[in-house]
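In: Provided below for reference: sequence and predicted model.
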Amino acid sequence: VAFVVRRSLEGLKTFSYLEELILDNNLLGNDLLLPRLPHLHTLTLNKNQISFQRNTCKILLDHLAEVVPSLQYLSLLGNMACPNELVCKEKDEDDYQRYRYFVLHKLSNLKFLDTRKVTRKEREEALVRGAFMKVVKPK
């Protein structure tokens, strides 16, 4: 028998005016569920277990777009979803840029992603091609 465990932080709903949330190093995955936090502008999910497997990162980003509409700063460093050439030698700066376009396509209000400010050029590119920028590298 297989069990599906969804990690929920619904208990945070009593903090509806929360503006900043740091959830680094918590073994959180793509199944993360947050309550609606309309004032949250900063979310860090560094060093968790978020990946691009089976379209689930798209689902997580769609969820974030819905429940944290004021989000301006997001950091996903140290997750499999965030390609990093320092951690994985198969990844390079192009992989990281494609990841940024994809995330910005889903979360268009972001001003910062990871440690970098979102540029006007990135925002324009994300609008045009972001939906097609899942980080996949041919063998």
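Out: Thanks, I have the structure now. Residues are numbered from 1 along each chain as shown.
In: low-scoring stretches of this protein, by residue?
Out: In the predicted model of the chain, residues 1-7, 54, 85-89, 131, 133-139 satisfy pLDDT under 70.
In: strands of the protein, start to end?
Out: 20-22, 42-44, 73-75, 112-113, 116-117 (DSSP state E).
In: would you agree residue 99 is in contact with residue 84?
Out: No. Judged on C-beta atoms under 8 Å, residue 99 makes no contact with residue 84 at a distance of 9.6 Å. Any C-beta I mention is one placed from the backbone N, CA and C, and that applies to glycine too.
In: of the two, which one has the most company?
Out: Legend: neighbour count by other C-beta atoms under 10 Å for residue 99 and residue 84, higher for residue 99 (23 against 16).
In: any idea how far residue 107 is from the more buried one?
Out: Using C-beta to C-beta, to the nearest Å, residue 99 is found at 12 Å from residue 107.
In: and residue 64, by the same measure?
Out: Distance, residue 64 to residue 107, using C-beta to C-beta: 6 Å.
In: any common contacting residues for these two?
Out: Common neighbours of residue 64 and residue 107 (criterion: C-beta atoms under 8 Å, 6 or more residues apart in numbering): 71, 74.
In: ok, now which ones touch residue 28?
Out: Residues in contact with residue 28 (C-beta under 8 Å, 6+ apart) are 7, 45, 48, 49, 50.
In: just residue 43 next, same as before
Out: Residues in contact with residue 43, defined by C-beta under 8 Å, 6+ apart, are 20, 21, 23, 64, 68, 71, 73, 74, 75.
In: specify which member of those residues is nearest to residue 125.
Out: For the contacts of residue 43, the minimum distance to residue 125 (C-beta to C-beta) is 17.6 Å, reached by residue 74.
In: looking at it, residue 103 is touching residue 109, isn't it?
Out: No. Under the criterion of C-beta under 8 Å, residue 103 is not in contact with residue 109, lying 11.6 Å apart.
In: more neighbours, these two?
Out: The neighbour count for residue 103 versus residue 109, taken as other C-beta under 10 Å, is higher for residue 103 (24 against 15).
In: I'd say residue 105 and residue 127 touch.
Out: Yes. Residue 105 is in contact with residue 127 according to C-beta under 8 Å; the separation is 7.1 Å.
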